[in-house]
Structures are given as C-alpha cells and as structure tokens.
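Undergrad: curious how this folds, go ahead:
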Amino acid sequence: MFKTTYPDLTLAITLSTRGMAYVFFEAPETPFDWAVVEVKGTGKNAQITARVQKLFSLYHPQVLVLEDIQTRSAKRSDRLQKLSLALAHMATCEGIDVYRYDRKAIRQTFGVAGAKTKVEIAHAIAASIPAFMHRLPPVRKIWMSEDSRQMLFDAAALGITHHSAQR
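TA: Presented below is the predicted three-dimensional model:
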C-alpha cells in the first residue's frame, strides 16, 4: 500500500456528544482535509477511535491537537474524557506528539483579532480560511441547540491555537 507522508502535519480534533470534527493543517492557515463526523448508536467511542486510527494510518500526522477537557471548567461527560485520553494514548503509541489547549487559550489566541465567543471565532476563521466560509453555521438563538458545523470551527480553532503557541 502507498504510504503518504506530509511533513509538519497537524491533526486537530474536537469531540462532542454527537461525534467529532477534524482538520488537518499543513500550516497555520492551510488546511487540506476536514470533516464533521456524526456518530449514532452504541459504541460511539469505538467508532470514533476506529475513524481516528484510519486517519493516522492514511496521513501519518506528526502532531495531534485536542481540547483540554480534563479540567472542571470544560464540563464534559466521562465518556468524552475517556475518549480524549484514549485518542491521546493511541497517538503517543504511534509516535505522534499530543498537545492540549483549553477554551481560555483559544480565546486568548483569537482575542488579538477581537474574537472572544465561539461565533466570533468561527467568523475569524472563515475570514482567514475562505474554504470554510460557506460552512459557517447560522447564528444560534437561545432555544436552538448548537449546529453540528460549529465542531469544524472548534477543531480549526484548536489547530490555529497550536500553531500560534508554537511560534
């Protein structure tokens, strides 16, 4: 099988109760593959783990970036915390460096551009990455649940935060 290797490839993943979103970055504002993956039924962690393993095998990233959801302020379910730990362990076993950033770090990164909320950060990302512009979710009303497309921007924000922190 043909092995694809990309130098300095970063995989940013965000997890939610609905599934996951990922963005592969070659450079801070140069994504080349992304998706929002909604998972249904039982065994969600196993389904997501298998999907991420397939991404590792296909692209061989050097860095995995995850949201730091182990803190109290993250307010994530035990299932998602275990999944995050499992993905980090799997990456470490593959020789992939793992970095974690919390929401505060993301807000600090985008605060320079005046973006503090998730919506403002999504618009800042869409402005700098035109391929994401048509994926912007509609403005959320208080009674609406979060649009699944927001996960894509959350993953992109993680990747951009990582690149900003490494400079």
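Undergrad: for the chain, which segments count as strands?
TA: In the chain, the strands defined using DSSP state E lie at 10-16, 19-27, 30-38, 63-67, 97-101.
Undergrad: so for Leu136, which of those sits nearest?
TA: Closest approach to Leu136 among the strands of the chain is made by strand 30-38 (12.9 Å; CB to CB). No exception for glycine: its C-beta is placed from N, CA and C like everyone else's.
Undergrad: in that closest one, what counts as buried?
TA: Applying a neighbour-count criterion of 16 or more other CB atoms under 10 Å, one finds Pro31, Trp34, Val36, Val37 buried in strand 30-38.
Undergrad: low-confidence ranges in the chain?
TA: Within the chain, the stretches with pLDDT under 70 are 1-7, 71-74.
Undergrad: helices of the chain, start to end?
TA: Listed in chain order, the helices of the chain (DSSP state H) span residues 44-59, 78-93, 103-111, 118-128, 150-166.
Undergrad: which of these is buried the deepest?
TA: Highest mean neighbour count of the helices of the chain: helix 150-166, a mean of 23 (counted as mean count of other CB atoms under 10 Å).
Undergrad: could you check the angle that helix makes with strand 19-27?
TA: Angle, helix 150-166 to strand 19-27, by axes from the mean of the first three to the mean of the last three CA atoms, to 10 degrees: 40 degrees.
Undergrad: so how far is helix 150-166 from its chain's centroid?
TA: Using CA atoms, centre = their mean, to the nearest Å, we find the averaged C-alpha position of helix 150-166 to lie 6 Å away from the chain's own average C-alpha position.
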